[in-house]
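1. fold the following.
(chains A and B)
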Protein chains: 2
Amino acid sequence: MSATTGPDAVGTQVLERIRSLLDDAGLDALVATSPEALVYAAGAFPPSLRTVRARLAAAIVPVTGDTEAVVVALEAPLMRQRMRVSRVTPYVEFEEHPMEATAAALRRAGLADARIGVELTALSFDAHARLQRALPGAELVGADELLSTIRVIKTPAEIAVIRDIGAAAQRIAAAACAQAGPGITERELGNLIGEGFAAAGGDELTMLVVGAGERSAHLNAPPTDRVLAAGDVVRLDVIGTKAGYHCDVARTAVVGAPAAEVTRVHDLLAEVHDRALEAVRPGAQSADVYRIYREAMDRAKLPAYHFVGHGLGITLHEEPFVHARTSVPLEPGMVLCIEPLTAIDGEFGIQIEDELVVTEDGCELITRADGLLTIGG
Amino acid sequence: MSATTGPDAVGTQVLERIRSLLDDAGLDALVATSPEALVYAAGAFPPSLRTVRARLAAAIVPVTGDTEAVVVALEAPLMRQRMRVSRVTPYVEFEEHPMEATAAALRRAGLADARIGVELTALSFDAHARLQRALPGAELVGADELLSTIRVIKTPAEIAVIRDIGAAAQRIAAAACAQAGPGITERELGNLIGEGFAAAGGDELTMLVVGAGERSAHLNAPPTDRVLAAGDVVRLDVIGTKAGYHCDVARTAVVGAPAAEVTRVHDLLAEVHDRALEAVRPGAQSADVYRIYREAMDRAKLPAYHFVGHGLGITLHEEPFVHARTSVPLEPGMVLCIEPLTAIDGEFGIQIEDELVVTEDGCELITRADGLLTIGG
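-> Numbers count the residues shown, from 1 in each chain, chains lettered A, B, ... in the order given. Here you go, the predicted model:
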């Protein structure tokens, strides 16, 4: 009926998945309110949702019947272009509370007394109370875990979108390092990545990391005016979105020739990375993948991070997390980042992060690091 | 004791203000959890708070005693550099819930049975429930309005920070238009603004608008690959932050010579803008300022927006909002954007937005539009 990939295919495949799993869970509808759930259920979220807290939005997905989004009036025209729902219903800021507008839409859809899945970790205490007051007969049920379960297995169309921007992120990081030289600042290197990302059709870099020298050991280090000097380790993490889906590809570069210690630590991480990637296959336990990393770091007396990978999709970090606290069996259709890193405070940080898709018999790499990158070599 | 302006002065002045107003409200402490309240109370928020929902953070400000922040361990080193609190307490992701770590910090501070102000519109239903469960003797009181009241009057140090990046935004918009020419895309024009913004020391453009032609009528239009053509109206809104505080300056440009209708509508808006700015003074009602705009638009049969201004600070849109639904008397120390706009769907949108500070006897303009800007003129 629909193509396997492309923007329409994402919507069709995801909607089928949501409806089927809502039904299994005995819910009549989902009311998605977080930016990521809005993207998942409806294809977009109003841009000002991020900057103006009061401008809540909701996407209503009933098990049967029309989908509907409730958004602030001023962004309704843009959302009519971007969202894949049967109807976009505007509310006027300051006149009507968005949760009252959502309740009205649910009533019109015959869902006033329904079992409704909501995101308890995303919906504010106040918004939850308003929705419940406006729909006293409805049962609001936490659907956070259900949504996570639905989203963890990507549809073929979602995988195509993630593959596209992931591969671009790898190319952009390499090209920016090739173009840069000593004397460039972290910010200028970041701008090169930003230009490449825009040229690749990316929406935005949501959390670009460019950390040079001792800053390469800071985990979430945005680019600053620090000038790159010979011998600096530079850690890059290209984190952004295209068509609502994330890329997350980290590379480590060195300005000129690497110090012997840097090469030694890098080679050790690269070997761990290889072994972790080999271990990724259906049925493998995520905690076992973490153990490969953790034990190697402990043996080498290098600082280990508390996880070595995570799911990737509409959000940057999502299930399945690859760490020791909990474990999940890997399944085909999961998209993972595997990212061994070590950060030696005050000295340097090295990270090798690639994206992959779990397949029927192992995994397919979306990106693949090939040694340390060189800047001004 | 401390300087009137500068980063340290922001912290000192704000902390005094919070403590004094908490005390007046009969609260023992504030637990700030939204990004904007974390910036206000503690000077910074962990960058990944925006991208990883589960990595909640809290800033604890007791009426007396040490301030403390609870943040995810991996960002604790960065937060120790950036936050102005007595102590940064890390929690380990997946091991301890951030609200349980926050409850433990409150217990250590002797606040287990205190009246604690929390943000009910920011704290999720789930986080609120966890905090209450971990502190059964505490009374969690909604402090959203109190925080808004505290933040609406800016300290001299806050005004200095806002003035700096506001003035820069005005310069950057003008310089980008002067540098651009026909054939440039919205995205390329946006990149020029981005480069200028970085050069001015800005943190990031949180919601840059670059809309050309019929897209100038879309209210929150991020730059796309649309090519600018002769006669296009181009609406720019430079929205970003520096040192945690926003700028929001909108300008309208035309590629080449403006059409007669564009000039006519612009001149009408400019006249409304002048009259609105003249009306801003202590004691003036915000609704009366809105009425100047609304009545002029209605007379001219042009589409009016439902507000014509808003407070500006750590968040883009904050109290006082300048619209007809509610009204507040303006007070010295408020920072406002006044932004008459009209958006004619399918044709063009024109907006003139300036920033100002309400003073003892009127207002002081931070920026001042000077007619339509020209691109490739």
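
2. just the strands in the stretch 151-300 of chain A please.
-> Listed from the start of the chain, the stretch 151-300 of chain A has strands (DSSP state E, counting those that start in this stretch) covering A:209-212, A:233-242, A:245-255.

3. quick check: bridge partners of the nearest residue to residue A:365 once chain neighbours are set aside?
-> For residue A:365, ignoring the flanking residues on the chain, the nearest one in space by CB to CB, 6 or more residues apart in numbering or on different chains is residue A:356 at 5.0 Å. Any C-beta I mention is one placed from the backbone N, CA and C, and that applies to glycine too. Beta-bridge partners recorded for residue A:356 (DSSP bridges): residue A:336, residue A:365.

4. from what I see, residue A:356 and residue A:279 are in contact.
-> No: the pair residue A:356 / residue A:279 is not scored as a contact, 11.5 Å apart, by CB atoms under 8 Å.

5. hmm, back to that, wait, which of the strands of the stretch 151-300 of chain A is closest to residue B:208?
-> When the strands of the stretch 151-300 of chain A are compared by CB to CB, strand A:233-242 sits nearest residue B:208, at 15.1 Å.

6. average pLDDT for that closest one?
-> Per-region confidence: strand A:233-242 scores 97 on mean pLDDT.

7. what do you get for stretch A:294-303?
-> When pLDDT is averaged over stretch A:294-303, the result is 97.

8. ok, stretch A:254-271 next?
-> 97.

9. and what of stretch A:45-58?
-> 88.

10. and the helices in the stretch 201-350 of chain A?
-> Counting by DSSP state H, counting those that start in this stretch, the segments of the stretch 201-350 of chain A that form helices are A:260-279, A:286-299.

11. output the ones you listed as TSV; include the columns distance to chain B and mean neighbour count.
-> As requested, those are arranged in TSV below (distance: least, CB to the nearest CB, whole Å; neighbours: other CB atoms under 10 Å in any protein chain shown):
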stretch	distance to chain B	mean neighbour count
helix A:260-279	17	17
helix A:286-299	11	19
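
12. grab the most central residue of chain A for me.
-> residue A:316 (2.2 Å; CA atoms, centre = their mean).

13. quick check: that one vs residue A:66, distance?
-> Summarising the geometry, the distance separating residue A:316 from residue A:66, computed by CB to CB, to the nearest Å, is 31 Å.

14. before we move on, what about residue A:169?
-> Distance from residue A:169 to residue A:66, counting by CB to CB: 37 Å.

15. between the two, tell me which one has more neighbours.
-> For the pair residue A:169 and residue A:66, the greater number of neighbours falls to residue A:169 (32 against 11), based on other CB atoms under 10 Å in any protein chain shown.

16. quick one: residues contacting that one.
-> Residue A:169 makes contact with A:197, A:238, A:240, A:247-249, A:367 under the criterion CB atoms under 8 Å, 6 or more residues apart in numbering or on different chains.

17. go with 6 Å
-> Taking CB atoms under 6 Å, 6 or more residues apart in numbering or on different chains as the contact definition, residue A:169 lies against A:238, A:247, A:249.

18. now do residue A:214 against residue A:376, distance only.
-> Residue A:214 sits at a distance of 19 Å from residue A:376 (criterion: CB to CB).

19. okay, the residue nearest to the centre of chain A: pLDDT?
-> Reading off the confidence values, residue A:316 has pLDDT 91.

20. surely it touches residue A:249?
-> No: in this structure, residue A:316 is not within contact of residue A:249 by CB atoms under 6 Å, at 11.7 Å.

21. count of residues packed around residue A:225?
-> Residue A:225 has 11 neighbours, counted by other CB under 10 Å.

22. contacts for stretch A:243-255, please.
-> The set of residues external to stretch A:243-255 that reach it, using CB under 6 Å, 6+ apart, is A:39, A:161-162, A:165-166, A:169-170, A:173, A:177, A:182, A:228, A:230, A:232-240, A:312, A:314, A:316, A:337, A:339, A:350-351, A:353, A:367, A:372-373, A:375-376.

23. need the buried ones from these selected in ChimeraX.
-> With 16 or more other CB atoms under 10 Å in any protein chain shown as the criterion, this ChimeraX line picks the buried residues out of the contacts of stretch A:243-255:
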select /A:39,161,162,165,166,169,170,173,177,228,232,233,234,235,236,237,238,239,240,312,314,316,337,339,350,351,353,367,372,373,375,376
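
24. okay, the angle between the helix or strand of chain A with the lowest mean pLDDT and strand A:245-255?
-> None of the helices or strands of chain A scores lower by mean pLDDT, DSSP states H and E than helix A:7-24, at a mean of 90. Interaxial angle, helix A:7-24 versus strand A:245-255 (axes from the mean of the first three to the mean of the last three CA atoms, to 10 degrees): 120 degrees.
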